[in-house]
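Colleague: The sequence and its predicted three-dimensional model are supplied below.
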Amino acid sequence: MPSAPLKIVRTVKDLRQQVGEWKQQGLKVGLVPTMGALHHGHISLVKRLQEDCDRIVVSIFVNPKQFGPNEDLDKYPRQERQDADKLTEAGVELLYAPTVDEMYPDGFLTTVSITRMTEILCGANRPGHFDGVTTVVAKLLLQCLPDRAIFGEKDFQQLAVLKKLVKDLDIPVEVVSGTLIRDEDGLATSSRNVYLSPEERQTALEIHKSLSRIVTDLQAGTRTVSEAITAGEKHLLEAGFNEVQYLEVRDAETLELVDSIERPARVLVAAVLGKTRLIDNMAIEPAYR
């Protein structure tokens, strides 16, 4: 049972007032930034932070600055009432749901930008996307000033970029990594999964199979990175994906490309199925540490 009913605030002033009251009481505050359309992956992030924090803030803000001109901003699912019910059930104390005008008032001119790490993978296919992400997350962290904030490994590049953001700007918030959550069939949880038809969802499972095969091959040394990636791309296209935007193996910390597994790495993929863009990733550990 929640310790108190879910409170909803929509302004920075009200957010800071509530968080300030908690901190005056010596309570640790955790922040879970989201764009709503909450699923069990989001709730797992809440549960993880509840292990370390006394009070949880979940933000819901569909950030227009991280969507490109031909992306799904207008149709991105918005369901605040259902989300609030899920947060109440999960024991969350505060929902921060600002309007676009509250987040980006008239005259807003600032962009927070990180180079290199944002120019690869999703950044190469979505120009301007990460500028939108880093700008809104910097604002959310400074608006709330929680003790900890959590981001899921599902968006692994985003997680690495946001760790870099907090480190480089000396933002006094600890970034926690949330374990990637999968549905029972192996598909990584995503708010965009609702766009998939039943047939497409079945095809989408091939992403998990392909990544698992690459990890197995590389950890066993039965294929080179180049061979494993080529086989993986071929598998996904033959399975019915329209496009494989990227399938790469990169260092888990720096996101630099690797051609051998000597440090913890990640295989990352973005592929288009029908009209839906799906991303996923999987850890690769070196055979000998």
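Modeller: Yes, it's here. Only a predicted model underlies this, so the values are computations on that prediction, with no experimental measurement involved. Numbers count the residues shown, from 1 in each chain.

Colleague: Surely Leu278 is in contact with Leu268?
Modeller: No: counting by CB atoms under 8 Å, Leu278 stays clear of Leu268, with 11.8 Å between them. C-beta coordinates here come from the backbone N, C-alpha and C atoms, glycine included.

Colleague: So Ala231 versus Glu243, what's the distance?
Modeller: When CB to CB, to the nearest Å is the yardstick, Ala231 and Glu243 sit 17 Å from each other.

Colleague: oh, I was asking about Val175
Modeller: With CB to CB as the criterion, Val175 and Glu243 are 32 Å apart.

Colleague: okay, these two: which has more neighbours?
Modeller: Remark: of Val175 and Glu243, Val175 carries more neighbours, 18 against 12, as counted by other CB atoms under 10 Å.

Colleague: Which helix or which strand is home to the more buried one?
Modeller: strand 174-178 (DSSP states H and E).

Colleague: just checking, next helix/strand downstream of that strand?
Modeller: Assigned by DSSP H and E, the successor of strand 174-178 is helix 198-220.

Colleague: what's the spacing between that next one and its chain's center?
Modeller: 20 Å (CA atoms, centre = their mean, to the nearest Å).

Colleague: what packs against that helix?
Modeller: helix 225-239, strand 243-251, strand 265-273, strand 276-284 (3 or more CB pairs under 8 Å, 6 or more residues apart in numbering; DSSP states H and E).

Colleague: deepest of those, which one?
Modeller: strand 265-273 (a mean of 23; mean count of other CB atoms under 10 Å).

Colleague: Hmm, Val267 is touching Asp217, no?
Modeller: No: in this structure, Val267 is not within contact of Asp217 by CB under 8 Å, at 10.2 Å.

Colleague: Flag every buried residue along the helix or strand bottoming out on mean pLDDT in the chain.
Modeller: Taking mean pLDDT, DSSP states H and E as the measure, the helix or strand of the chain with the lowest value is helix 122-125, at a mean of 93. Going by neighbour count (16 or more other CB atoms under 10 Å), the buried part of helix 122-125 is Cys122, Gly123.

Colleague: And the contacts of that helix?
Modeller: Met117, His129, Phe130, Gln157, Gln158, Gln245, Tyr246, Ala270, Ile279 (CB atoms under 8 Å, 6 or more residues apart in numbering).

Colleague: Now render these as a markdown table, adding distance to Glu253 and pLDDT.
Modeller: Below are those laid out as a markdown table (distance: CB to CB, whole Å; pLDDT from 0 to 100):
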| residue | distance to Glu253 | pLDDT |
| --- | --- | --- |
| Met117 | 10 | 95 |
| His129 | 21 | 94 |
| Phe130 | 17 | 97 |
| Gln157 | 12 | 97 |
| Gln158 | 14 | 97 |
| Gln245 | 23 | 97 |
| Tyr246 | 19 | 98 |
| Ala270 | 20 | 97 |
| Ile279 | 19 | 97 |
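
Colleague: Which members of those are the farthest-apart pair?
Modeller: Maximum pairwise distance among those (CB to CB): 17.3 Å, between Met117 and Gln245.

Colleague: if we can go back for a sec, closest to Tyr195 out of the contacts of helix 122-125?
Modeller: Distances from Tyr195 to those, taken by CB to CB, are shortest for Ile279, at 13.5 Å.

Colleague: can I get the CA coordinates of the least confident helix or strand of the chain in PDB?
Modeller: Taking Å, rounded to 0.1, in the frame of the first residue of the first chain, the C-alpha atoms of helix 122-125 are listed here in PDB:
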ATOM      1  CA  CYS A 122      20.100   6.400 -32.700                       C
ATOM      2  CA  GLY A 123      21.700   9.900 -33.000                       C
ATOM      3  CA  ALA A 124      22.800   9.200 -36.600                       C
ATOM      4  CA  ASN A 125      19.300   8.200 -37.600                       C
END
